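K.L.:
The following comprises the amino acid sequence and a computationally predicted model.
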Amino acid sequence: MVPIPTSRVVWIALCGAIATLVSLSSAVPAQVGKSTTAPAPAPKTQPVATKVPTVGSVAEGEALVKKNPKDTGAYLALGGAYRRAGRYQEALETFRKMSALDPNNSTAHVSMGAVFMDLKRMDEAEREFQRALKLNPGDSAAHFNLGNYYLAKGRRDDAGGEFRRATQLKPPFPDAWVNIGLIQAELGKTDEAIQSYKRALEIDSTSVRALTNLGNAQYYLGKIPEATGLYRKALKYDPANQEANYNLGVAFADAQIYKQALSYWRKVVATDSTTNVAEGAKSSIQVLEDFLKNQTKAAPAGGAADKH
């Protein structure tokens, strides 16, 4: 097999990458799962439960708030929509209004902290996460996102501690187990990482992050059919997932099925050309296309250079 070095380097980098903060609008609903550790003590201050309506766009979120101007869940949904659209200042203002409606609601502060992380305003992000935990020490989303803050600061041990706290609380955070697994994988503890990804899937069997990273770990161990099966399963739940599409492309490239590899990488770029994964896909496409061109030039007259 002719190696494709750039694609391999990018794929390896993906294996160790910690994903960005989860969207708080999708993280708040309770997730069913059995805790693997003793439950944490009940928080001293219980915020009012926030139900999160589903909205697909900013316009839907704005209409929801207009219809329910005193519903904190409506503001959470709208803030999440603004955040997904990259309208961060409007997201912050929406979450501040949510906090004004319910000053004891820790989720509003977690959401503000997540936006500050988006904006790289790290001190303000930490402040909001700490405020959330002061209001509700049992807020699993606050612990999870504080762990992401520590990770961004290079404080791996502190991050791991927060992620583990997030797994002990209700609702348990499957993404916390994924991040624990990624830290373990970075330390070369592949078997432990696999167990962490599986724990995430025990909480949420549809977790695309858990499926994709479990696939990465299996690929690293040379279990290619298992890995590709996990990538395909992830794509059933999220057909546009860039990591799963990219890594499935790498698997095809390694198997010298080049047309399929290019197809998956082009899908990554078509989904969102501005992400780091898309940049890796662009590089891999260029490397593979150059390789195929050179192979065609070197082929004997009348021969077919690429059978795939």
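P.N.:
Structure received.
K.L.:
CA only for contacts and neighbour counts going forward, please
P.N.:
Will do.
K.L.:
before we move on, what SS does residue 70 have?
P.N.:
When classified by DSSP: H, G, I helix; E, B strand; the rest coil, residue 70 comes out as coil.
K.L.:
ok, residue 252 - how many residues close by?
P.N.:
Applying other C-alpha atoms under 10 Å, we find 18 residues neighbouring residue 252.
K.L.:
Tell me which residues touch it, please.
P.N.:
Neighbouring residues of residue 252 by C-alpha atoms under 8 Å, 6 or more residues apart in numbering: 258, 260-261.
K.L.:
Name the helix or strand for it, please.
P.N.:
Secondary structure assigned from DSSP states H and E places residue 252 in helix 242-254.
K.L.:
Please identify which helix or strand holds residue 103.
P.N.:
Going by DSSP H and E, residue 103 is not part of any helix or strand.
K.L.:
how many neighbours does it have?
P.N.:
Neighbour count for residue 103, taken as other C-alpha under 10 Å: 15.
K.L.:
re earlier: from the contacts of residue 252, which single one is nearest residue 113?
P.N.:
Taking C-alpha to C-alpha as the measure, residue 113 lies nearest residue 261 of the contacts of residue 252, at 38.2 Å.
K.L.:
from memory the closest one sits against residue 249, does it?
P.N.:
Yes: shown here, residue 261 and residue 249 form a contact pair, counting by C-alpha atoms under 8 Å, at 4.0 Å.
K.L.:
Quick check: PyMOL command selecting the buried ones in the contacts of residue 252.
P.N.:
The PyMOL selection below is limited to those of these classed as buried (16 or more other C-alpha atoms under 10 Å):
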select buried, resi 258+260+261
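K.L.:
Need the contacts of residue 252 in TSV (columns: pLDDT).
P.N.:
Below are the contacts of residue 252 laid out as TSV (pLDDT from 0 to 100):
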residue	pLDDT
258	94
260	95
261	95
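K.L.:
Give me the subset of the contacts of residue 252 lying in helices.
P.N.:
With DSSP state H as the criterion, helices contain 258, 260-261 from among the contacts of residue 252.
K.L.:
how about those residues in JSON lines, adding distance to residue 205?
P.N.:
Converted to JSON lines, the ones in helices among the contacts of residue 252 look like this (distance: C-alpha to C-alpha, whole Å):
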{"residue": "258", "distance to residue 205": "31"}
{"residue": "260", "distance to residue 205": "27"}
{"residue": "261", "distance to residue 205": "27"}
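K.L.:
Show me which of the residues you listed is closest to residue 216.
P.N.:
The nearest member of those to residue 216, counting by C-alpha to C-alpha, is residue 261 at 16.4 Å.
K.L.:
where does residue 254 sit relative to residue 232, distance-wise?
P.N.:
Using C-alpha to C-alpha, to the nearest Å, one obtains 17 Å as the distance from residue 254 to residue 232.
K.L.:
For the nearest residue to residue 281 once chain neighbours are set aside, give me the pLDDT.
P.N.:
Distances taken as C-alpha to C-alpha, 6 or more residues apart in numbering put residue 265 closest to residue 281, at 5.2 Å, once the chain neighbours are dropped. On the pLDDT scale, residue 265 is placed at 96.
K.L.:
Tell me the spacing between residue 170 and residue 197.
P.N.:
Residue 170 is 18 Å from residue 197, by C-alpha to C-alpha.
K.L.:
In terms of packing, which of these two has more residues around it?
P.N.:
Between residue 170 and residue 197, counting by other C-alpha under 10 Å, residue 197 is the more crowded of the two (28 against 19).
K.L.:
tell me the SS of the more buried one?
P.N.:
helix.
K.L.:
Could you pull up the residues touching it?
P.N.:
So residue 197 contacts 177-178, 181, 210-211, 213-214 (C-alpha under 8 Å, 6+ apart).
K.L.:
And the strands in this protein?
P.N.:
In order along the chain, the chain carries no strands (DSSP state E).
K.L.:
where in it is pLDDT low?
P.N.:
1-53, 299-308 (pLDDT under 70).
K.L.:
Residue 203 and residue 172 touch, don't they?
P.N.:
Yes: if you go by C-alpha under 8 Å, residue 203 and residue 172 touch, sitting 7.5 Å apart.
K.L.:
between those two, who's got more neighbours?
P.N.:
residue 172 (27 against 21).
K.L.:
Was I right to think the more buried one contacts residue 140?
P.N.:
Yes: if you go by C-alpha under 8 Å, residue 172 and residue 140 touch, sitting 6.8 Å apart.
K.L.:
what sits in contact with each of those two?
P.N.:
Common neighbours of residue 172 and residue 140 (C-alpha under 8 Å, 6+ apart) are residue 166.
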